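> Need a 3D model of the following:
(chains A, B, C and D)
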4 protein chains.
Amino acid sequence: MEDRELRTLNHLMYMEYYTGGNAGLFMKMKQLVYSFQSPFQRIDIFEHPEFGMVLVLDGITMFTEADEFMYHEMLVHVPLFTHPNPKRVLIIGGGDGGSLREVLKHPSVEEAILCEVDPYVIDAAKLHLKEMSVELDNPKASIFNENGADFVRKNKDYFDVIIVDSTDPTAGEGGHLFTKEFYSNCYKALRKDGIFCAETEDPFYDKGWVAIAYNRISSVFPISKMYTGFMTTYPSGMWTYTIGSKELDPLEDYDEERVLDFGAPLRYYNTEIHRASFALPTFLKELTGQF
Amino acid sequence: MEDRELRTLNHLMYMEYYTGGNAGLFMKMKQLVYSFQSPFQRIDIFEHPEFGMVLVLDGITMFTEADEFMYHEMLVHVPLFTHPNPKRVLIIGGGDGGSLREVLKHPSVEEAILCEVDPYVIDAAKLHLKEMSVELDNPKASIFNENGADFVRKNKDYFDVIIVDSTDPTAGEGGHLFTKEFYSNCYKALRKDGIFCAETEDPFYDKGWVAIAYNRISSVFPISKMYTGFMTTYPSGMWTYTIGSKELDPLEDYDEERVLDFGAPLRYYNTEIHRASFALPTFLKELTGQF
Amino acid sequence: MEDRELRTLNHLMYMEYYTGGNAGLFMKMKQLVYSFQSPFQRIDIFEHPEFGMVLVLDGITMFTEADEFMYHEMLVHVPLFTHPNPKRVLIIGGGDGGSLREVLKHPSVEEAILCEVDPYVIDAAKLHLKEMSVELDNPKASIFNENGADFVRKNKDYFDVIIVDSTDPTAGEGGHLFTKEFYSNCYKALRKDGIFCAETEDPFYDKGWVAIAYNRISSVFPISKMYTGFMTTYPSGMWTYTIGSKELDPLEDYDEERVLDFGAPLRYYNTEIHRASFALPTFLKELTGQF
Amino acid sequence: MEDRELRTLNHLMYMEYYTGGNAGLFMKMKQLVYSFQSPFQRIDIFEHPEFGMVLVLDGITMFTEADEFMYHEMLVHVPLFTHPNPKRVLIIGGGDGGSLREVLKHPSVEEAILCEVDPYVIDAAKLHLKEMSVELDNPKASIFNENGADFVRKNKDYFDVIIVDSTDPTAGEGGHLFTKEFYSNCYKALRKDGIFCAETEDPFYDKGWVAIAYNRISSVFPISKMYTGFMTTYPSGMWTYTIGSKELDPLEDYDEERVLDFGAPLRYYNTEIHRASFALPTFLKELTGQF
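Residues are numbered from 1 along each chain as shown, chains lettered A, B, ... in the order given. As a prediction, the model looks like this:
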């Protein structure tokens, strides 16, 4: 009797107001399965009639189960296939486990550290987001509940890859992860051929942050390149990521063969996409000064 | 730690589309505490930042804790103070317990039968709507989970008062409770001085049903009178109720003294309101043909 | 070809956020026929698929053509039928012309002054709100575009009735019309048997202003009485009005015969409604201290 | 006085429901400047506080002035830079003039025919969408108000490029432009080295149509390739386009030098983007069977 499926009506709406507050996405909710006020943010998880579970932090969509693969694959595999042999990977943010799941698809990885400031995100993911959180208990993974900016400061010359899977700079703890000081500390925490990669927002609603993030990263790393990917339920659907690198170039040093031999299933990322994602529309080159 | 209060943002919206679908009420949700698909309807209970808990059946607001007293007091006390000595009262619908709570404020009542077709509404009310459901376990009360139209057919010359606390005629089981056959069976189930009273919708969005309900009731009962009351979160805020009576007139036979001596606290209903509620705006007289 | 009727889809929505911002009414728009930023406020007029034209000032619904009669009849006829022979009537606000239309239905009225601070409201009404503005050019009417609080200060012992048809106290110029000083100046501007009547908001979303307005008016006028009426597209549908009077009592001195003999058509107000509207629900008596 | 700028409040909302009706984009409206029911569709143009004018057909966003360049440049320049010397170009749909504006940036074009079934879209664009409609009166352009499927049937071996700038297959006249018969007639209307290019929807909300359109086009043209581009206010932000070609390959026969020498300003399209846009995410390869 308890298994009767909920009928989705028009009555329960989730509304994400995009930066500026003048537009946004609405989604009907089948049900809201989790709402919690952590010390850091409001956490909600709802079920959408088509997109599966949706994680929302402070009113901002983190992902839907239907398209999170686009974001997580692009954030993780571009830097991990650029590095020839990534062993130690740090993920800052990403408490839902999606980035960790992608990182651990790489057999070279021996140690994956997830530094998520809010333990309630992790608990909620384990309970309600089974597809995301599948690797949170993997023995190669360690989880620290600490501010990412503080954590990175304590490590020197250690990581092969650092991935920043943060919330918006204007939400919760996100701001700490968009400063030049943070990028400098990431530089120091990386080994001599280390790679840094961060999500750097969308250039339609958040022009300003895209330019700021790119310019700060490029002022710290000798090689810096922005790339883009579709992320269909994020603001504008156009997402940017920025690589900061000490030595390796994501186009020149990237080894296509390793991608072709990769055993784990991927749904978005492939060799053509790796190269193509660095081709930027003219307005985005202009916005970030990349010519 | 678990007691941190949820922050209400702009992101969770409840939208009730009124009849016709061209207008409606939206309310922000602090959280959604219950969603269930019963065999009869979808049941939701959410917490509003100002109005307390809100019960919603098939996308239609049943009440908010902040104003349910307006509806329940007007539906119950007008007929119960019209009858000189109500002992046996039948409530059809009303599974949340609000009408029952008002009925049992009358010390003359010896037996209150609640006939609510959907047991899940009762369970949900007991769990989440403490102020409504307070009398659901009162020994004077019996609860039947049965279609109200069927239940009333099986009773003859038994009740002093029958109260119809239904959902909309267009939703779920509501339609059965707006037929002439049902009103006739209520007539037969009442004792010789019995009183029938039903909520009969709003005359702005649901003109048609207001007229139909009044006309059908008045074709069955020798005395029939419509009255109105404010119900601030119902469509239009203007709610109609219709009395059908075998002998007693709600204005002439109503005993003001009993109201003044009434021990239980009331927040809407009083002696002036009893009389005033039968004064109808001209357009409503015209709509129902009451001159 | 130009007469093809617009099809109303789901795409154009008007949303009124009620006081507090946690609830409100949405209405589909068939089309938006007028938008203007006057020096005082933003003015919009849209066509609703069922309710005709809708006037909106600073995002607050002033009326829909389908139910404005409820508000305008109750605001105007209660005071005008209380006064035995109203000749000089002042309307403060009411630039749409609805109150003026009702005032001029009384043949005793010789001079009706409309003091509307914003001339653009009047222009917009003449152009798009034909049913409202029908008497704006009546020779008995004079229109002043001036702040109502200033205008009333300049008149002494002149008016039989003053009607305040204002926007919300929190919107635009509305605040000036809710001060004790303003009410005192109205007292002085009235003749010795003069009657003051103001719309005084709704007691569900705007409890505070209902209490403040009633208390200030009652501190100035020897006789003060609040009454209510349904107003189906206003917040909560429950609207309050307050009479302040120098000598005449709206219940004792009101002449029922004049209503019965009234030639002009009315759709809400009638003799029973006049009396009944002064019966207040218990919570409203408590809110305003009227016992 | 008339130049006072409208203040954008929260009260006027445009809501586009995406395919399936379970999600969509909302945008605040500064004002609605045009609403018309043509014989073919409802046309609305509103001003957004950030994105400029927005054209809406039957409740579906056609573009905003802020990002239409993304769509129009990708739809037009990929085929026009693939063809070595485009002289005669047919645009089906595109009554707003945006595609025509891009086509006429190519100096080789001698004749550009716009076949837009609805003359009211053209009139509205000329009046309210100055940036779009700038070339509608260019002497090289001819405009036919005729169903595109009918028009193309009457031409044989004539055009160098045919561009389909249609509405959704489910809206208005859009369906005619997604049939195999239509694609066959386009084939016949093209010269021996002709290129066909159509917008083919988004693969998140409209998976089904993306696959159908690609498969039908590829069954008609010997060379068929899908490419993608960001379109930030379209559903999902991920837009697909499909090239059908008789002889020329958009990657092998494309002349990069002509792009680099192109005199007219472009904001999205560039040589890297041309090549990169044909790299498809794995799920999209699977959806369309392109391996």
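
> does the residue of the stretch 1-150 of chain A found nearest chain C count as helix, strand or coil?
Closest contact between the stretch 1-150 of chain A and chain C, by CB to the nearest CB, is at residue A:10 (9.6 Å). Using the backbone N, CA and C atoms, a C-beta is placed for each residue, glycine as well. With DSSP: H, G, I helix; E, B strand; the rest coil as the basis, residue A:10 sits in coil.

> Tell me how many other residues crowd it.
For residue A:10, the count of nearby residues is 15 (other CB atoms under 10 Å in any protein chain shown).

> Now for it: which residues touch it?
Residue A:10 makes contact with A:28, B:15, B:17, B:59, according to CB atoms under 8 Å, 6 or more residues apart in numbering or on different chains.

> Single out the residue in the stretch 51-200 of chain A that lies closest to chain D.
Using CB to the nearest CB, the closest approach of the stretch 51-200 of chain A to chain D is made by residue A:67 at 6.5 Å.

> Skipping adjacent residues, who's closest to that residue in space?
residue A:232 (4.7 Å; CB to CB, 6 or more residues apart in numbering or on different chains).

> tell me the phi and psi of that neighbour?
Recorded main-chain torsions at residue A:232 are phi -70, psi -20, according to degrees, to the nearest 10.

> now residue A:22
Torsion angles, degrees, to the nearest 10, at residue A:22: phi -100, psi 0.

> Those residues of the stretch 151-291 of chain A touching chain D, which are they?
Within the stretch 151-291 of chain A, the residues that sit near chain D (CB under 8 Å from any CB of the partner chain) are A:202, A:204, A:228, A:230-234, A:236-238, A:266-270, A:272-273, A:275-283, A:285.

> now do 7 Å
When proximity is defined as CB under 7 Å from any CB of the partner chain, the stretch 151-291 of chain A approaches chain D at A:204, A:230, A:232, A:236-238, A:266-268, A:270, A:272-273, A:275-276, A:279, A:281-283.

> Buried only: go through the residues you listed for me.
A:204, A:230, A:232, A:236-238, A:266, A:268, A:270, A:272-273, A:275-276, A:279, A:281-283 (16 or more other CB atoms under 10 Å in any protein chain shown).

> Let's see which of these end up in helices.
A:272, A:273, A:275, A:276, A:282, A:283 (DSSP state H).

> just checking, residue A:284 touches residue A:204?
No - proximity of residue A:284 to residue A:204 does not meet the contact threshold set by CB atoms under 7 Å, at 10.0 Å.

> I'd assumed residue A:226 was in contact with residue A:214.
Yes - under the criterion of CB under 7 Å, residue A:214 makes contact with residue A:226 at 5.5 Å.

> Quick check: neighbours shared by those two?
Taking CB atoms under 7 Å, 6 or more residues apart in numbering or on different chains as the criterion, residue A:214 and residue A:226 both touch A:200, A:242, A:288.

> a helix runs through the second one, doesn't it?
So the one you mean is residue A:242. No - secondary structure of residue A:242, determined by three-state DSSP: strand, with no helix assignment.

> For it, which residues are in contact?
Residues counted as contacts of residue A:242 (CB under 7 Å, 6+ apart) are A:198, A:200, A:213, A:214, A:217, A:224, A:226.

> Now go through the residues you listed and say which are in helices.
Per DSSP H, these map to helices at A:213, A:214, A:217.

> Can you check what pLDDT the model gives the second one?
The predicted structure scores residue A:214 at 97 on the pLDDT scale.

> What sits closest to it if chain neighbours are left out?
Nearest residue to residue A:214, sequence neighbours excluded (CB to CB, 6+ apart): residue A:288, at 4.2 Å.

> Pretty sure the one you found sits against residue A:225.
No - taking contacts as CB under 7 Å, residue A:288 lies outside contact range of residue A:225: 10.0 Å.

> Tell me the spacing between the residue of chain A found nearest chain D and residue D:165.
Of all residues in chain A, residue A:237 sits closest to chain D, at 1.5 Å by CB to the nearest CB. When distance is defined by CB to CB, to the nearest Å, residue A:237 is 20 Å away from residue D:165.

> for residue A:9, same thing?
To residue D:165, residue A:9 is 36 Å away according to CB to CB.

> higher neighbour count, those two?
Ranked by neighbour count (other CB under 10 Å), residue A:9 and residue D:165 place residue D:165 first, with 26 against 18.

> Next up, the contacts around the more buried one.
Applying CB under 7 Å, 6+ apart to residue D:165 gives the contacts D:75, D:91, D:92, D:93, D:94, D:99, D:199.

> Next step: those residues restricted to strands.
Judged by DSSP state E, those include D:91, D:92, D:93, D:199 as members of strands.

> Can I have the buried ones of those as a ChimeraX selection?
Buried residues within these, by 16+ other CB under 10 Å, are selected in ChimeraX with:
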select /D:91,92,93,199
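
> Can you add pLDDT and distance to chain B and give the ones in strands among the contacts of residue D:165 back as TSV?
Listed next are the ones in strands among the contacts of residue D:165 as TSV, based on pLDDT from 0 to 100; distance: CB to the nearest CB, whole Å:
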residue	pLDDT	distance to chain B
D:91	98	38
D:92	97	35
D:93	95	31
D:199	96	32
